[in-house]
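Asks: I would like the atomic coordinates for the input below:
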Amino acid sequence: MQQATKFIHAGVEPDPSTGAIMTPIFQTSTYVQEAPGKHKGYEYARTQNPTRDQLQKALAAAENGAYGISFGSGLAAIDTLLKLFNPGDEIICTNDLYGGTYRLMTKVWERYGLKFHFVDLTEPSNIEPFLNERTRMIWLETPTNPLLRILDIKEICHISKERNVLIAVDNTFASPYLQNPLDLGADIVMHSATKYLGGHSDVVHGCLIVNKEELAQQLYFLQNSCGAVPGPQDCFLILRGLKTLHVRMQRHCENGAVIAKYLREHPKVETVHWCGFEDHPNYEVAKAQMRGFGGMMSFTLKNDSLEAAYAVLSSTKLFSLAESLGGVESLIGHPASMTHASIPREERLRNGLADSLIRLSVGIEDANDLVRDLEKALA
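Replies: Residues are numbered from 1 along each chain as shown. Presented below is the predicted three-dimensional model:
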């Protein structure tokens, strides 16, 4: 089944009781049983919900996986994943990652005895010095947030598989339309489904997708036991978003290429971070493991000052100044004070995240209108 067909149909069946082509919103907290222990597969809505079940199947299909597990947010998904580990376990992470992930790891889970190593993983061999008998997982983002660095998933999996270490990939920036980490050897894929999977800036959601049954059962157990589950309305909205993922991502990619090239040629712009440039350090890896280069990018100005960056951030009309990404509308953001403010400044700077960096989530509006909006702001 081709991607476009899969996103619309895979994992989803018409409602058997009514024939409804859209999965109903089963807005219920509990289910009537015929006798103690005798029911129709549903007991309590934290444990199972028919709307969530359909979504989990659709998410698994979208990532070429076997099992999907849904959560109330992307961070809830990561938090549940970290509950697989024990005090003293170590996790290797890319050093360019979403600030909320960093905060969860360092401010919450380090208190419970997990140890995190934040490493530049654009060169896979950098993992080697940190691998030891306590290493349990390698956490990747690719493309990274916000510097659009590319990590070689297949090579990192090759290095680590001999050590029996889990490989987890935050695939939020790429979406299943552009990249499928399970096909490249990863064990776990995470999405903040709030972003491209939902696609309309109207829902908060997260998910994990895996192939191994034992791992899936552990995660389902934690999902039920800890309870960070999404409501049926949220699941319905993600199901709806999945049906148009392919057409939206096509336009995100087209517009992203236009905006990235425009910015690179602008006399006031110093550097544009976008993985579709042929001189991007890992362009060949991106071309090999992705089907396109997406609509996410970041840039700095030649006048590398906060004042100049703030002037641009406050002057756009179509690019709305807001957190998040991946919606149909274009967004502009300031990572140092918004999405990555929880990372200490010295660490941000050490990893290449300048105070003046501007991040764009290019939407699906007319590309010429978006260029004119940036042109006015840069002027």
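
Asks: from here on, just use CA atoms for contacts and neighbour counts.
Replies: OK.

Asks: where do the strands of the stretch 51-200 of the chain begin and end?
Replies: Assigned by DSSP state E, counting those that start in this stretch, the stretch 51-200 of the chain shows strands spanning 67-71, 90-94, 115-119, 135-141, 166-170, 188-191.

Asks: in TSV: those, plus mean pLDDT.
Replies: Shown next, in TSV, are the strands of the stretch 51-200 of the chain (pLDDT from 0 to 100):
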stretch	mean pLDDT
strand 67-71	98
strand 90-94	98
strand 115-119	98
strand 135-141	98
strand 166-170	98
strand 188-191	98
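
Asks: and of those strands, who's closest to Arg359?
Replies: strand 135-141 (16.3 Å; Cα to Cα).

Asks: quick revisit: just send the strands of the stretch 51-200 of the chain back as CSV, with distance to Cys235 and mean neighbour count too.
Replies: As requested, these are exported to CSV (distance: least, Cα to Cα, whole Å; neighbours: other Cα atoms under 10 Å):
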stretch, distance to Cys235, mean neighbour count
strand 67-71, 8, 26
strand 90-94, 29, 22
strand 115-119, 32, 18
strand 135-141, 24, 23
strand 166-170, 20, 22
strand 188-191, 14, 26
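
Asks: need these in CSV (columns: distance to Leu349).
Replies: CSV is the format used below for these (distance: least, Cα to Cα, whole Å):
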stretch, distance to Leu349
strand 67-71, 32
strand 90-94, 15
strand 115-119, 14
strand 135-141, 19
strand 166-170, 22
strand 188-191, 26
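
Asks: what is the longest helix of the chain by residue count?
Replies: When the chain is parsed with DSSP state H, its longest helix is helix 245-265.

Asks: residue nearest the centroid of this structure?
Replies: In the chain, the centroid-proximal residue (Cα atoms, centre = their mean) is Thr172; its distance is 1.8 Å.

Asks: contacts only, for it.
Replies: Counting by Cα atoms under 8 Å, 6 or more residues apart in numbering, Thr172 touches Met190, His191, Ser192, Ala193, Lys195, Tyr196.

Asks: hmm, 6 Å instead?
Replies: Thr172 makes contact with His191, Ser192 under the criterion Cα atoms under 6 Å, 6 or more residues apart in numbering.

Asks: retrieve the pLDDT associated with it.
Replies: On pLDDT, Thr172 comes in at 98.
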